[in-house]
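**Student:** Provided below for reference: sequence and predicted model.
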Amino acid sequence: MPSFIQEFDDGFAVLGWISSSGFAIMNLAGPFASIFVNKFGCRITTLMGGLLLSTGMMLASFANSTTVLFLFLGVLTGIGASLVFLSVPIILSQHFTKHYSTAVGIAYTGCSIGVSVFPLLTTKLISVYGWNGAILLQGALSLNIVLMGMLFKHKPPKHQRKTVSDTKKCENMEINEFQSSFQPLHNNDIHRSRTASDQDCNIQMVVKSDLERSNSNHPNSKHLDVDEDDEVHITSKSRLKPQCTKCPGVLLLCTTPIILFAYITTFLVSISYAAALTHITNQVVLMGFPSQKAALVLSSLGIGGAFGRAFHGWFVDHNLLSASTLYECALLVASAGTLMNPVLNRYFGCVISAVTIGVTVGILYPLFYTIMKQMLGLHQFVTASGLAHFFDGCGVMTGAYMAGLIHDKSGSYQTGIYIFAALFFLAACVFIPVVIMLRRQKVQ
């Protein structure tokens, strides 16, 4: 951001908003990305996203105004990043069921490592090639996403794999019965001693056909969805208005209204996190420290995030803490860590605050997918993830602009930091109903 301030004279609020626009649109395009994942799969979606992200960054290096910079670095790059970012938890959910929290945490550790490495790399590239050359080279590096996306392998859900094997078994049984119909009559006792698995096969065929006829003849009947963990989720469409069933996102909110509390929580978290991520380097520069030390503060935020993402899953997967309880504790610690910045009011305070925010947000973001999987199961996971990204994007756009606007009006970041600490605490209060609901669900 300091390079943009020197190049473009549009104020802290506008430039802070543009700097975070790529991250914001990455999340705002979540519902759009979920449609692509459902239609084309994770591999094709990741390839398309990697190409868009790289192209947007390369074109942004030629920008001569904030409008052009927003279109390429914000819109095009953000849409590409959204396609890539949403595919990761989806492809992991297909391959990991027992240790899903750990898998997601390790995968998103790469984001935190990037936050810790790229500020120092970008500072060096800007000093050598200018901000235009730095963005161009980073766009070229982003082409590696395409290579990584080629390694994605789709794995069908367990119940679908069982259906295929059961169908083949049923076909073989029908052939055997047809052949045995030509045997003498005294062999009928052999047919009456069929195995239990053959009987189960017939039962599955009858039940499946009965359910299909029931669902087609009775539009108000209940629909049963079985996910990979063999959990049955019943959704009654008779209580929904016709317009609610047309949009998957609206249908999700209508059938599971408690998830709105979780979305509001992630919206508030994104406001505070975007403000810290976008403006903390500029705050350090305004305190009189060189840009290299400012980059180190942002790198410390990324290091803390890598630690939180990598190790939080171990506590959840080993049942030391429930996902919702750990999420609630992380929100409270994030609020306290944000307050360390204005209280200490020096470089050391900025570093401590950045590390604390990095660790807690590193826990919050990947853990949110685990909580959604517990609440909804896999059958609505893609739609729920897309909506979560949308609320994240709204928070990012709001937080980056709000922090810059407060600085433009007051001439300092101190007031804004107190506000963002209060938003973390408010998010903890909003999330309490979700914690209560998940505990009751576990007891039942």
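**Tutor:** Done, it's in.
**Student:** alpha carbons only for contacts and neighbour counts from here, please
**Tutor:** Fine.
**Student:** what pLDDT, on average, does the biggest helix by length in the chain get?
**Tutor:** Secondary structure of the chain per DSSP state H: the longest helix is helix 100-141. Averaging pLDDT along helix 100-141 yields 82.
**Student:** Please name every helix or strand in contact with it.
**Tutor:** Applying 3 or more C-alpha pairs under 8 Å, 6 or more residues apart in numbering; DSSP states H and E, we find helix 100-141 packed against helix 30-60, helix 77-95, helix 291-317, helix 347-376.
**Student:** Put the alpha carbons of stretch 141-154 into PDB.
**Tutor:** Output of stretch 141-154 as PDB, limited to C-alpha atoms (Å, rounded to 0.1, in the frame of the first residue of the first chain):
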ATOM      1  CA  LEU A 141       4.600 -17.000 -10.200                       C
ATOM      2  CA  SER A 142       0.900 -17.500  -9.900                       C
ATOM      3  CA  LEU A 143       0.900 -19.700 -12.900                       C
ATOM      4  CA  ASN A 144       2.100 -22.500 -10.700                       C
ATOM      5  CA  ILE A 145      -1.500 -22.800  -9.400                       C
ATOM      6  CA  VAL A 146      -2.400 -24.300 -12.800                       C
ATOM      7  CA  LEU A 147       0.300 -27.000 -12.400                       C
ATOM      8  CA  MET A 148      -0.900 -27.800  -8.800                       C
ATOM      9  CA  GLY A 149      -4.500 -27.900 -10.000                       C
ATOM     10  CA  MET A 150      -3.700 -30.600 -12.500                       C
ATOM     11  CA  LEU A 151      -2.900 -32.900  -9.500                       C
ATOM     12  CA  PHE A 152      -6.500 -32.700  -8.100                       C
ATOM     13  CA  LYS A 153      -8.300 -36.000  -8.400                       C
ATOM     14  CA  HIS A 154     -12.100 -36.300  -7.900                       C
END
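**Student:** ok, residues contacting it?
**Tutor:** The contact list for stretch 141-154 (C-alpha atoms under 8 Å, 6 or more residues apart in numbering) reads 41-44, 46-48, 50-51, 53-54, 91, 94.
**Student:** 7 Å - rerun?
**Tutor:** With contacts defined as C-alpha atoms under 7 Å, 6 or more residues apart in numbering, stretch 141-154 is touched by 43, 46, 47, 50, 51, 54.
**Student:** same question, stretch 123-140
**Tutor:** The contact list for stretch 123-140 (C-alpha under 7 Å, 6+ apart) reads 3, 54, 55, 57, 58, 61, 62, 122.
**Student:** Break this structure down into its structural domains.
**Tutor:** Domains of the chain are assigned by automatic domain parsing as 2-156+253-443, 158-178+194-226.
**Student:** Looking at the helices and strands packed on helix 100-141, spot the one closest to residue 387.
**Tutor:** Minimum separation from residue 387 across these (C-alpha to C-alpha) falls at helix 30-60, 5.7 Å.
**Student:** Flag every buried residue along the closest one.
**Tutor:** Of the residues in helix 30-60, 30-37, 41-60 count as buried by neighbour count, 16 or more other C-alpha atoms under 10 Å.
**Student:** Return the distance of residue 318 relative to residue 367.
**Tutor:** The spacing between residue 318 and residue 367, counted by C-alpha to C-alpha, to the nearest Å, is 14 Å.
**Student:** shaky segments in the protein?
**Tutor:** Counting by pLDDT under 70, the chain contains low-confidence residues at 1-7, 9-17, 20, 155-249, 345, 378, 444.
**Student:** again, only using 50
**Tutor:** Counting by pLDDT under 50, the chain contains low-confidence ranges at 162-171, 173-245.
**Student:** With distance to residue 109 added, can I get the helices and strands packed on helix 100-141 in TSV?
**Tutor:** Formatted as TSV, the helices and strands packed on helix 100-141 follow (distance: least, C-alpha to C-alpha, whole Å):
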stretch	distance to residue 109
helix 30-60	18
helix 77-95	12
helix 291-317	5
helix 347-376	8
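**Student:** So which of the ones you listed is nearest residue 415?
**Tutor:** Minimum separation from residue 415 across the helices and strands packed on helix 100-141 (C-alpha to C-alpha) falls at helix 347-376, 15.1 Å.
**Student:** For that closest one, enumerate the helices and strands it packs against.
**Tutor:** Using 3 or more C-alpha pairs under 7 Å, 6 or more residues apart in numbering; DSSP states H and E, the elements in contact with helix 347-376 are helix 100-141, helix 291-317, helix 323-344.
**Student:** If you count contacts, what does the second one end up packed against?
**Tutor:** Right, the one you point to is helix 291-317. With contacts defined as 3+ C-alpha pairs under 7 Å, 6+ apart, helix 291-317 has these neighbours: helix 100-141, helix 259-286, helix 347-376.
**Student:** got the ones you listed as CSV, with mean neighbour count columns?
**Tutor:** Formatted as CSV, those follow (neighbours: other C-alpha atoms under 10 Å):
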stretch, mean neighbour count
helix 100-141, 19
helix 259-286, 23
helix 347-376, 23
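**Student:** Near residue 74, how many residues? Count them for me, please.
**Tutor:** Neighbour count for residue 74, taken as other C-alpha atoms under 10 Å: 26.
**Student:** quick one: it and residue 22 touch, right?
**Tutor:** Yes: with contact defined as C-alpha atoms under 7 Å, residue 74 and residue 22 form a contacting pair (3.9 Å).
**Student:** Quick check: nearest residue in space to residue 307, chain neighbours excluded?
**Tutor:** Spatial nearest neighbour of residue 307, chain neighbours left out: residue 359 (6.3 Å); criterion: C-alpha to C-alpha, 6 or more residues apart in numbering.
**Student:** Much appreciated, bye for now.
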